[in-house]
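Chemist: can't give you the sequence, but here's the structure:
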Ligand SMILES: Cc1cc2nc3c(=O)[nH]c(=O)nc-3n(C[C@H](O)[C@H](O)[C@H](O)COP(=O)(O)OP(=O)(O)OC[C@H]3O[C@@H](n4cnc5c(N)ncnc54)[C@H](O)[C@@H]3O)c2cc1C
Ligand code: FES
């Protein structure tokens, strides 16, 4: 179940595992959008960079995204103004607006063919009760835009009551000149540009630790190390827990995506609902036509998807309402880090680790945010003041003013710590059906069991190798998922997703 983006770029893989020790200026961990964008800007400045990834280029979240390049992060600006004030919201708006043109500039400068196209973006509601939120957001966006363009006073965000999707809405916010692209074609283009500028990229090279001594960092892989003055942790969920404590201020949310041949002409534009359940739509070039990329069905990572409300089912049912003859060509899912205050963590990893930087917590809007992060981190390394760095400060712990949001988010994070540690599900081996999994107790110890379709048993220790939470069985993907911070493992115990990077203990 890999994405359309991954399947359509299989031939572009970069296989260069680290086989020596190195010294460099900056060592970047992670070759997703955040790591590659940072590497690109640094290499462009003539700085020596080495990027390490445990997988291939962009095979994790960035290769499974929906890849809309927009400053409209669903409903965000009214919330930011009310929670943090006008100046804060304006910086968020401006940094993401600039990120769209920065990405376009990279594509033009480096001649990257990645199906980039400008599109109007819509945030819509089908619920009359949510119309006030839509109007408030329009007011917020336009007021921020007017501060930036004092002479122009243009209407940047428009209210519309109809659009190109085949269903009725109560209202939508339309913002012009947003964009979409093929994220992996872009990332392979970035990798080529980094290498042309002297940067080095190693794939299939898992980083197991980073240590600091006398102002020099050593990044360890299984057999080799890299010494550097600067470190950038762009591993999505930071694989290093201390002293950053990111596990205490983020959780992960999974969303599902379908690539659909609708067997009919498709629309222009990119769309996302503001009300729940969330549905997101865009199109993508596919052979000589377009396919529909539809996403949604989200749930907190580590909790089994509810077949009616989450996962592929809800997407498929919705798609078939409008395109009864459609064919589902691709199905995939991925997840992203959600921060307590909805703002990414970008900048110093911890006040105790000088020259170590982090880019994470993109709240499912990492295409522009990773570009913002790359600019901030480059400027920190070059010693240049960046007007946006303050609002994204990763070491922040300031309480937010929006009490309602704070309560919601905090309760979700707390739930992830508490519930699964105390509620231990019990089943016995014969109760687990073929092609299913669960936890059984043997002599008081919990054992995670998966029985394949022929009844062959795969047994693992269902204790997460990150910080020890009890894993839950996800029968949709046949994976062990962690409800605490969202690590995932396949049924054989192999680690699939961060923040854990070690496999589960296996039993005969
Ligand atoms: C379903 C979905 C749809 C989305 N759609 C959009 C969208 O339309 N627009 C938008 O703006 N955003 C979107 N996002 C968000 C966006 O895709 C992500 O925020 C972004 O791709 C994250 O990039 P990243 O570089 O931080 O992470 P990744 O792409 O996951 O990169 C991290 C890399 O680090 C590597 N790594 C991890 N640990 C180690 C280690 N120990 N050693 C070596 N390497 C390591 C991984 O292999 C990986 O390649 C979406 C997210 C989801 C879940
Ligand atoms: S992901 Fe943190 S304990 Fe599992």
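Modeler: In hand now; what should we look at? Because the structure is a prediction, the values reported are computed rather than measured. Ligands and ions are numbered 1, 2, ... in the order given.
Chemist: How far does the strand or helix carrying residue 188 sit from its chain's centre?
Modeler: Element membership for residue 188 (DSSP states H and E) is helix 183-196. Relative to the centre of its chain, helix 183-196 is centred 19 Å away, using C-alpha atoms, centre = their mean, to the nearest Å.
Chemist: again with stretch 263-271
Modeler: Distance of stretch 263-271 from the chain centroid (C-alpha atoms, centre = their mean) equals 24 Å.
Chemist: List the buried residues for that stretch?
Modeler: Judged by neighbour count using 16 or more other C-beta atoms under 10 Å, the buried positions of stretch 263-271 are 266-267, 269-271. Every C-beta, even on glycine, is put in place using the N, C-alpha and C of the backbone.
Chemist: Ok, stretch 443-454 next?
Modeler: Buried positions in stretch 443-454, judged by neighbour count with 16+ other C-beta under 10 Å: 446-451.
Chemist: Can you confirm whether it lies near ligand 2?
Modeler: No - taking C-beta under 6 Å from any ligand atom as the criterion, stretch 443-454 and ligand 2 are apart, separated by no less than 13.2 Å.
Chemist: swap in stretch 472-484?
Modeler: Yes - interface with ligand 2: stretch 472-484 contributes 482, 484 (C-beta under 6 Å from any ligand atom).
Chemist: which residues does residue 292 bridge with?
Modeler: With DSSP bridges as the criterion, residue 292 is bridged to residue 260, residue 283.
Chemist: how many neighbours does it have?
Modeler: A count of nearby residues for residue 292, using other C-beta atoms under 10 Å, gives 23.
Chemist: next one: the one 10 residues further on
Modeler: Residue 302 has 26 neighbouring residues, counting by other C-beta under 10 Å.
Chemist: surely it meets residue 489?
Modeler: No - in this structure, residue 302 is not within contact of residue 489 by C-beta atoms under 8 Å, at 11.4 Å.
Chemist: any common contacting residues for those two?
Modeler: 471, 481 (C-beta atoms under 8 Å, 6 or more residues apart in numbering).
Chemist: Ligand 2 contacts on the stretch 101-250 of the chain?
Modeler: residue 247.
Chemist: For ligand 2, what is the nearest residue in the stretch 101-250 of the chain?
Modeler: residue 247 (5.7 Å; C-beta to the nearest ligand atom).
Chemist: contact partners of the lengthiest helix in the chain?
Modeler: Longest helix of the chain, by residue count under DSSP state H: helix 86-109. Here helix 86-109 makes contact (C-beta under 8 Å, 6+ apart) with 40, 69-71, 73, 76-77, 80-81, 112, 114, 116, 140-141, 143-145, 147-148, 177-179, 181, 186, 189-190, 193, 343, 365, 367-369, 371-372, 375, 387-388, 390-391.
Chemist: tell me which residues in that helix are buried?
Modeler: So, applying 16+ other C-beta under 10 Å, buried residues of helix 86-109: 89-100, 102-103, 106-107.
Chemist: can you give me the offset of that helix from its chain's centre?
Modeler: Centre to centre, stretch against its chain (C-alpha atoms, centre = their mean), the figure for helix 86-109 is 18 Å.
Chemist: Same check on stretch 102-120?
Modeler: Between the centre of stretch 102-120 and the centre of its chain there are 20 Å (C-alpha atoms, centre = their mean).
Chemist: quick one on the thing from earlier: for residue 229, state which of the buried residues of stretch 263-271 is nearest.
Modeler: residue 270 (40.5 Å; C-beta to C-beta).
Chemist: State the phi and psi torsions of that closest one.
Modeler: phi -130, psi 140 (degrees, to the nearest 10).
Chemist: How about whichever residue of the stretch 301-450 of the chain sits closest to ligand 1, nearest residue that isn't a chain neighbour?
Modeler: For the stretch 301-450 of the chain, the residue closest to ligand 1 is residue 366, as judged by C-beta to the nearest ligand atom, at 2.0 Å. Leaving aside its sequence neighbours, residue 366 sits nearest to residue 33 (C-beta to C-beta, 6 or more residues apart in numbering; 6.0 Å).
Chemist: Does that neighbour touch residue 184 like I think?
Modeler: No - with contact defined as C-beta under 8 Å, residue 33 does not count as touching residue 184 (10.2 Å).
Chemist: neighbour-wise, which of these two wins?
Modeler: residue 33 (31 against 27).
Chemist: circling back to that earlier point, tell me the one among the buried residues of stretch 443-454 nearest to residue 381.
Modeler: Using C-beta to C-beta, the buried residues of stretch 443-454 come closest to residue 381 at residue 448, 42.7 Å.
Chemist: and that closest one, helix, strand or coil?
Modeler: For residue 448, the assignment made with DSSP: H, G, I helix; E, B strand; the rest coil gives strand.
Chemist: show me what contacts it?
Modeler: Contact analysis of residue 448 by C-beta under 8 Å, 6+ apart lists 437-439, 459-462, 471, 473, 480, 504.
Chemist: go on, residue 18?
Modeler: 52, 202, 205, 221, 224, 226.
Chemist: The stretch 401-508 of the chain: helices as residue ranges?
Modeler: Secondary structure of the stretch 401-508 of the chain by DSSP state H, counting those that start in this stretch: the helices cover 403-422.
Chemist: For it, what lies in contact range of ligand 2?
Modeler: So the stretch 401-508 of the chain meets ligand 2 at 464, 466-469, 482, 484-487, 499-500 (C-beta under 6 Å from any ligand atom).
Chemist: Quick check on the residue lying closest to residue 235 once chain neighbours are set aside: phi, psi?
Modeler: For residue 235, ignoring the flanking residues on the chain, the nearest one in space by C-beta to C-beta, 6+ apart is residue 30 at 4.2 Å. Per-residue torsions, residue 30: phi 120, psi 120 (degrees, to the nearest 10).
Chemist: Next, count neighbours for residue 30.
Modeler: 29.
Chemist: any idea how far it lies from residue 231?
Modeler: From residue 30 over to residue 231 the distance is 11 Å, taken as C-beta to C-beta, to the nearest Å.
Chemist: Each with direction, which strands does the helix or strand that contains residue 330 pair with?
Modeler: Remark: residue 330 resides in strand 327-339, with elements defined by DSSP H and E. Within its sheet, strand 327-339 is paired with strand 250-261 (antiparallel), according to DSSP bridges.
Chemist: Which neighbouring elements make contact with whichever helix or strand comes after the strand it pairs with?
Modeler: Next in sequence after strand 250-261, counting helices and strands by DSSP H and E, comes strand 270-273. On a contact count with 3 or more C-beta pairs under 8 Å, 6 or more residues apart in numbering; DSSP states H and E, strand 270-273 meets strand 117-125, strand 171-180, strand 279-286.
Chemist: Show me what strand 270-273 is in contact with.
Modeler: For strand 270-273, the external contacting residues (C-beta under 8 Å, 6+ apart) are 68, 70, 74, 119-126, 163, 165, 172, 178, 180, 278-282, 296.
Chemist: Recalculate using a threshold of 6 Å.
Modeler: By C-beta atoms under 6 Å, 6 or more residues apart in numbering, the residues outside strand 270-273 that reach it are 68, 74, 119, 121-124, 165, 180, 279-282.
Chemist: Check stretch 256-269 too.
Modeler: Counting by C-beta under 6 Å, 6+ apart, 4, 119-120, 164, 283, 290-295, 297, 311-312, 315, 319, 323, 325-333 sit against stretch 256-269.
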